[in-house]
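Participant: predicted model, plus sequence, below.
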Amino acid sequence: MGRLTEVNSVKLKVDPAKLPMSDQKPFHRILYVQVLAAISSGVVFGALFPDAATAEWVRALGDGFVKLIKMTIAPIIFCTVASGIAHIDDARKVGRVGLKTIIYFEIVSTFALALGLLVGLLLKPGTGFPGKPDTGAVASYMEKANQTLGVVDSLLHIIPNTAVSAFAEGNILQVLLFAILFGFSLLALKEKGVALRGLVDDIGHAMFGVIGLVMHIAPIGAFGAMAYTVGKFGLPALASLGWLVGSFYATSLLFIGLCLGFIAHLAGFNLFRFLIYIKDEILIVLGTSSSESALARLMEKLERIGCAPSIVKLVTPAGYSFNLDGTNIYMTLSTVFIAQALGIDLSLQQLLVIIGVAMLTSKGASGVTGAGFVTLAATLAAIDPRLTPGMALLLGVDKFMSECRALTNFCGNGVATIVIARWEGALDEAKMKEILSGAEQEERAA
């Protein structure tokens with residue numbers, strides 16, 4: 001941990017937010033400016049030239065960037081979690097932090113699920129919907145859901161067949177389990193494990209270096225992903241389901257502004273300033289529809305802001321499996337929408353079952369491609385089989401909703417890490433306030 005602290009202290013000395021304006025990068029070389037320009041260009045290109053935008057090379061720009069990021073996620077999570085546990089002197093502290101983290105995740109996730117359910121019941125986005133679902137269009141999703149997302153299967157899904165298979169398949173939940181066990185093993189070795197712990201730290205630093213190199217092409221990936229999405233589905237595709245998409249975005253913003261804002265206030269920091277501080281990463285997530293694309297950068301910024309490295313390494317990766325607030329909102333709101341669109345009345349008992357089932361399926365789907373849509377399939381099947389054909393109603397706009405899911409998950413995990421760090425007394429609040437104030441001043445100057 002000493003080495004990580006030293007590295008972070010060096011980074012603080014050259015924090016761009018503290019440099020005179022004349023020493024900062026030119027405006028056009030700032031990452032968030034480049035990504036924002038790329039997203040805007042992608043929307044325009046996709047709308048004006050849909051045929052060109054749906055070419056394979058355009059899709060490859062976005063998919064290639066996301067794949068480059070995802071190839072580093074499993075080793076980064078393994079190294080950070082294992083190192084975080086190994087650097088803690090008392091195993092009881094690991095258990096205490098883990099318990100607090102789980103309690104926080106479950107409380108906030110339950111609120112997100114309930115909020116999505118409430119908004120769906122109040123706004124009734126599916127009432128009078130004229131579309132008819134195509135049962136065949138959703139068959140592949142249902143097959144995958146039935147294979148991987150049963151309650152018992154969800155628990156078994158956490159355990160990898162081999163340690164290597166968890167990394168080979170990129171299953172984050174399985175990597176997380178192995179990392180926790182490996183970290184406790186290093187902790188038990190004490191002095192004998194110092195060399196191995198140092199190797200894990202060095203590998204982690206190297207993987208963060210890989211992320212740094214890949215981020216140079218983030219604007220290209222954002223352009224490709226956005227252009228292909230708009231070109232394939234078209235902006236008018238939102239019209240027929242605009243009420244659902246709008247309801248989902250409004251609910252997510254409400255959750256971030258009210259719920260996360262209130263939590264941030266209790267934790268002693270301003271949420272708006274924090275969002276400004278991570279604006280680069282937010283735009284990367286928006287452009288790629290993947291919260292994983294900014295995981296490494298988020299962890300670095302959380303350490304820089306004053307969170308203890310050991311807390312960041314435990315809480316932030318865990319959040320990517322257990323704190324999916326955006327996915328939770330999506331599942332309950334979409335379930336209510338489908339029931340309304342198909343004219344199926346849900347009883348109070350079924351509404352409560354939605355929350356319970358979604359809480360389980362959202363964890364079991366970690367590491368599954370298209371997790372948000374697949375977990376919805378499992379939730380619908382468990383509540384009422386008559387609802388499952390209604391998933392086809394969402395096929396055309398699910399991609400547009402995935403950006404908001406990823407953004408909400410991302411913001412929620414950042415706030416969660418700061419809260420747990422403060423709860424543990426492992427947060428430098430003076431440094432956090434200084435850096436967040438500097439970030440807001442930099443934004444105003446820009």
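Facilitator: Looks like it arrived, so ask away.

Participant: which ones are touching residue 376?
Facilitator: Taking CB atoms under 8 Å, 6 or more residues apart in numbering as the contact definition, residue 376 lies against 330, 331, 334, 335, 391, 394. Any C-beta I mention is one placed from the backbone N, CA and C, and that applies to glycine too.

Participant: to clarify, my last question referred to residue 42.
Facilitator: Neighbouring residues of residue 42 by CB under 8 Å, 6+ apart: 222, 223, 224, 225, 226, 227, 230, 287.

Participant: thought residue 380 was touching residue 337?
Facilitator: No. Proximity of residue 380 to residue 337 does not meet the contact threshold set by CB atoms under 8 Å, at 11.1 Å.

Participant: which neighbours do those two have in common?
Facilitator: Common contact partners of residue 380 and residue 337 (CB under 8 Å, 6+ apart): none.

Participant: now do the buried residues in the top helix by length along the chain.
Facilitator: With residue count as the measure and DSSP state H as the assignment, the chain has helix 91-123 as its longest helix. Residues of helix 91-123 classed as buried by neighbour count (16 or more other CB atoms under 10 Å): 94, 97-98, 101, 104-105, 108-109, 111-117, 119-120, 123.

Participant: pLDDT weak spots in the stretch 1-150 of the chain?
Facilitator: Counting by pLDDT under 70, the ranges of the stretch 1-150 of the chain that qualify are 1-29, 31-32, 89-91, 128-150.

Participant: how many residues are close by residue 216?
Facilitator: 10 (other CB atoms under 10 Å).

Participant: next: residue 349.
Facilitator: Residues near residue 349, counting by other CB under 10 Å, number 8.

Participant: return the distance of stretch 406-420 from the chain's centre.
Facilitator: Centroid separation between stretch 406-420 and its chain, computed with CA atoms, centre = their mean, to the nearest Å, is 8 Å.

Participant: for residue 225, which non-adjacent residue is spatially closest?
Facilitator: The shortest distance from residue 225 to any residue other than its chain neighbours is 2.8 Å, reached at residue 62 (CB to CB, 6 or more residues apart in numbering).

Participant: by contact count, what packs against the host helix or strand of the one you found?
Facilitator: Take DSSP states H and E as the rule and residue 62 turns out to sit in helix 56-86. Using 3 or more CB pairs under 8 Å, 6 or more residues apart in numbering; DSSP states H and E as the contact criterion, the neighbours of helix 56-86 among helices and strands are helix 163-168, helix 172-189, helix 194-214, helix 218-233, helix 279-288, helix 295-304, helix 309-322.

Participant: ok, residue 108 to residue 331 distance?
Facilitator: To residue 331, residue 108 is 15 Å away according to CB to CB, to the nearest Å.

Participant: wait, residue 178
Facilitator: According to CB to CB, residue 178 stands 27 Å off from residue 331.

Participant: which one's more surrounded, the two?
Facilitator: residue 331 (31 against 22).

Participant: my guess is that one contacts residue 113, does it?
Facilitator: Yes. With contact defined as CB under 8 Å, residue 331 counts as touching residue 113 (7.3 Å).

Participant: common neighbours of those two, please.
Facilitator: Between them, residue 331 and residue 113 share the contacting residues 354, 358, judged by CB under 8 Å, 6+ apart.

Participant: now tabulate the contacts of residue 42 in a markdown table and tack on neighbour count, distance to residue 69 and pLDDT.
Facilitator: Supplementary listing: the contacts of residue 42 in a markdown table, determined by neighbours: other CB atoms under 10 Å; distance: CB to CB, whole Å; pLDDT from 0 to 100:
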| residue | neighbour count | distance to residue 69 | pLDDT |
| --- | --- | --- | --- |
| 222 | 30 | 12 | 80 |
| 223 | 26 | 16 | 85 |
| 224 | 27 | 14 | 83 |
| 225 | 29 | 12 | 79 |
| 226 | 28 | 16 | 77 |
| 227 | 29 | 19 | 83 |
| 230 | 23 | 22 | 76 |
| 287 | 27 | 12 | 74 |
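
Participant: between those, which is closest to residue 245?
Facilitator: The shortest distance between residue 245 and any of the contacts of residue 42, using CB to CB, involves residue 230 and amounts to 13.9 Å.

Participant: on that earlier part again, ok, which of the helices and strands packed on helix 56-86 comes nearest residue 262?
Facilitator: helix 309-322 (18.4 Å).

Participant: ok now the closest one, how far from the chain's centre?
Facilitator: Taking CA atoms, centre = their mean, one finds helix 309-322 lying 12 Å from the centre of the chain it belongs to.

Participant: got the CA positions of it in CSV?
Facilitator: Written as CSV, here are the backbone C-alpha positions of helix 309-322 (Å, rounded to 0.1, in the frame of the first residue of the first chain):
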residue,chain,number,x,y,z
PRO,A,309,-6.6,2.3,-1.8
SER,A,310,-7.7,-0.7,0.2
ILE,A,311,-11.3,0.5,0.3
VAL,A,312,-11.3,1.4,-3.4
LYS,A,313,-9.9,-2.0,-4.4
LEU,A,314,-12.6,-3.9,-2.4
VAL,A,315,-15.7,-1.8,-2.9
THR,A,316,-15.5,-0.5,-6.5
PRO,A,317,-15.0,-3.9,-8.3
ALA,A,318,-17.7,-5.5,-6.0
GLY,A,319,-20.1,-2.8,-7.1
TYR,A,320,-19.8,-3.9,-10.7
SER,A,321,-21.5,-7.2,-9.6
PHE,A,322,-23.7,-6.2,-6.7
